[in-house]
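Visitor: Mind folding the following:
(chains A and B)
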Amino acid sequence: MILGEPGPPRAAMRPITLTCPACKAAQESSTFNHGELTPCANCGVPLQIEVFPALFRRVAPGRDGELVMEGESTCFYHPAKKAVRPCEGCGRFVCALCDCELHGQHFCPTCLEVGQKKGKIKSLENRRMLYDSIALVLAGGGLLIWPFSCVTAPCALYLAVRYWNAPQGLIRRTKIRYILAIILATGEIIGWLVGLYLIFNNHKSNG
Amino acid sequence: MGFAAYAGFASLWLGKDHMLCIESTGYTEEYKRFYYRDIQAIIIRRTNYRLIWSLIVAVPLLVFVFCAMGSSSSGEIGLAVFLGIIAGMLGIILFLNLIYGPTVRCYLKSAVQTEELPSLNRLRRVRKAMVRLRPLIAAAQGQLAPGEITSQTQSEVASTAGSPIINP
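Guide: Okay, here's the model as predicted:
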């Protein structure tokens, strides 16, 4: 075992390295913020690296919660740790380790996960279904492959009506896709009904 | 704040305190947010995709051109026109691929991840996006003074060298 002078743990003082995405070789700081593509010293791939002050910012050490003393409230998830605040989602007391801060609000890990899965916390939402696009593709596909329109047209109409008020993409979209899907699907359904009526009538008059 | 870049099914949008990367399949969208205060570095790596796509398009283009010329000389005008139209379309694709400029891959690095930004796949597009991005990042983090990179890197190396090595 080699002991040196007391100092900070090595993990918190890791040297700053940026690597080439192609060969993973560490890049010299002289190539940072160069403004132009310069070849990687190892593999020669042209690279441009632009760094910002956050690269040199020390990451604050994580909080692990204090042990509870007599008379103090305990964390719901860690009975041995002192509660620091209640969760703003469920009201449970949480310790410093469980306290998840998000845009000034404090949640417990469970509420954070539920909020993300159910879409209640908008800033954590990372996926959405585009029902308007699906409805339009179903309606448009029925035009191209008309035998399937007997199935796709009602499906498109159902989706357009059912999800008319559902959130669309995060970037604002108009309802034009829903409108087109409804128009196309309605036209296809009417076409099928008229076609069936004519076939029935023709059969009746021949019969 | 607005739209920054679009490539195929990926787009990049700049907000007040973060940028939003959207990847769409046509039926679903996936979102990734990168807060300006957390962006440590942006790494741009040039790729050969422009050359590869040019070859992929140019070879059938030449084939269709020669076939169209052959059909024309043998009197099959209709076939020559049809082949010429396809050759023309391939020519437009080739032309657009060339004028869009060199292809790159752009990576964004934070303290916990290095993510590719798929919408920034052309050097020209990256440069335009960076012009808009730099002031936003500077507003969130401040700016690096000249020479600060070297001094910060040297101080990191010096302080790391003094750390104890403890073997379990």
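
Visitor: So for the residue positioned nearest the centre of chain B, what's the pLDDT?
Guide: Closest residue to the average C-alpha location of chain B: residue B:121 at 1.6 Å, with CA atoms, centre = their mean. We have a pLDDT of 93 for residue B:121.

Visitor: Which residues are in contact with it?
Guide: Contacts for residue B:121 (CB atoms under 8 Å, 6 or more residues apart in numbering or on different chains) come out as B:7, B:49, B:103-106. (C-beta placed from N, C-alpha, C; glycine too.)

Visitor: got it, and residue A:105?
Guide: Per CB under 8 Å, 6+ apart, neighbours of residue A:105: residue A:88.

Visitor: residues of the helix or strand residue B:66 falls within that come out buried?
Guide: Here residue B:66 sits within helix B:49-73, counting by DSSP states H and E. Within helix B:49-73, the residues that count as buried by 16 or more other CB atoms under 10 Å in any protein chain shown are B:49-50, B:54, B:57, B:61, B:64-65, B:67-68, B:71.

Visitor: Serialize those residues to CSV and add fields for pLDDT and distance to chain A.
Guide: Output for the buried residues of helix B:49-73, formatted as CSV (pLDDT from 0 to 100; distance: CB to the nearest CB, whole Å):
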residue, pLDDT, distance to chain A
B:49, 93, 13
B:50, 94, 13
B:54, 95, 18
B:57, 95, 23
B:61, 95, 28
B:64, 95, 26
B:65, 95, 31
B:67, 94, 29
B:68, 94, 29
B:71, 93, 30
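
Visitor: Closest one of the residues you listed to residue B:84?
Guide: Nearest to residue B:84 out of the buried residues of helix B:49-73 is residue B:68 (CB to CB; 4.5 Å).

Visitor: right, and the closest one touches residue B:76 too?
Guide: No - look at residue B:68 against residue B:76 with CB atoms under 8 Å: they stay out of range, at 9.7 Å.

Visitor: which residues do the two both contact?
Guide: Common neighbours of residue B:68 and residue B:76 (CB under 8 Å, 6+ apart) do not exist.

Visitor: related to what we said a few turns ago, now do the helix holding residue B:66: everything it contacts.
Guide: Contacts of helix B:49-73 (CB under 8 Å, 6+ apart): B:77, B:79-81, B:83-84, B:86-87, B:90-91, B:93-94, B:97-98, B:100-103, B:121.

Visitor: Mind doing that once more with 6 Å?
Guide: B:79-80, B:83-84, B:86-87, B:90-91, B:93-94, B:97, B:102-103 (CB atoms under 6 Å, 6 or more residues apart in numbering or on different chains).

Visitor: Which single one of the contacts of residue B:121 is nearest to chain A?
Guide: Closest approach to chain A among the contacts of residue B:121 (CB to the nearest CB): residue B:105, at 6.7 Å.
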